[in-house]
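Visitor: sharing a sequence plus its predicted fold:
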Amino acid sequence: MRIRHILLLLPMLLMAACGQKQVPVAAEPPLEPERGQVWQLVALQGRALDRAKKSPTLIFNPETRSANGTAHCNEYTFHYTLGRVQQQPDGDHYEVQLTFWGGGTTECPEGDMSAERRYLGLLGKATAMRLTATTMTLYQKNRETLHFELQ
């Protein structure tokens with residue numbers, strides 16, 4: 001009787017032992033920001049911004065190669081190009097060559113354009129971007145200038 005039970009259980013045990021276990025694979029980071037994602041500035045030239053205050057945003061549109069957002073008091077638009085893409089050895093991000101051009105904005109109603117000019121100036125001089133699933137850092141000649149988080 002025991003042999004009969006073992007013979008009945010044997011095929012089920014073999015099937016369970018041979019079953020392939022699915023190992024979750026880490027999602028590959030995006031090659032570039034997706035259309036419509038809102039990236040909010042959280043650090044400027046390595047200094048964290050006050051999160052209680054309104055900070056600039058950046059939104060990409062890969063189809064038209066345009067980016068727009070809000071600076072400190074105005075909306076702005078840039079066109080961008082992406083150059084050579086390189087996946088880093090740790091696999092958590094990509095660095096790309098990034099060139100913004102053709103930006104446009106208007107004057108701030110309160111007249112103080114210094115913070116806005118600084119942000120837009122750094123954005124316009126960005127030469128590289130490091131992108132993860134939730135963060136984006138822009139660089140100028142290997143120096144971090146703008147650090148964003150996905151909202």
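Guide: Everything's here; your move.

Visitor: only C-alpha atoms for contact and neighbour calcs from this point on.
Guide: Noted.

Visitor: report pLDDT for G36.
Guide: Confidence at G36, expressed as pLDDT, is 92.

Visitor: pLDDT of the helix or strand L82 falls within, averaged?
Guide: Following DSSP states H and E, the helix or strand that holds L82 is strand 75-87. Strand 75-87 shows a mean pLDDT of 78.

Visitor: now do the strands in this protein.
Guide: Secondary structure of the chain by DSSP state E: the strands cover 38-44, 47-48, 57-61, 66-70, 75-87, 94-104, 128-131, 135-140, 143-150.

Visitor: tell me which of the ones you listed sits nearest to L122.
Guide: strand 143-150 (6.6 Å; CA to CA).

Visitor: which strands and helices sit next to the closest one?
Guide: In terms of contacts (3 or more CA pairs under 8 Å, 6 or more residues apart in numbering; DSSP states H and E), strand 143-150 is packed against strand 38-44, helix 114-124, strand 135-140.

Visitor: need these in JSON lines with distance to N68 and mean neighbour count, can you?
Guide: Shown next, in JSON lines, are the helices and strands packed on strand 143-150 (distance: least, CA to CA, whole Å; neighbours: other CA atoms under 10 Å):
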{"stretch": "strand 38-44", "distance to N68": "10", "mean neighbour count": "20"}
{"stretch": "helix 114-124", "distance to N68": "11", "mean neighbour count": "16"}
{"stretch": "strand 135-140", "distance to N68": "15", "mean neighbour count": "21"}
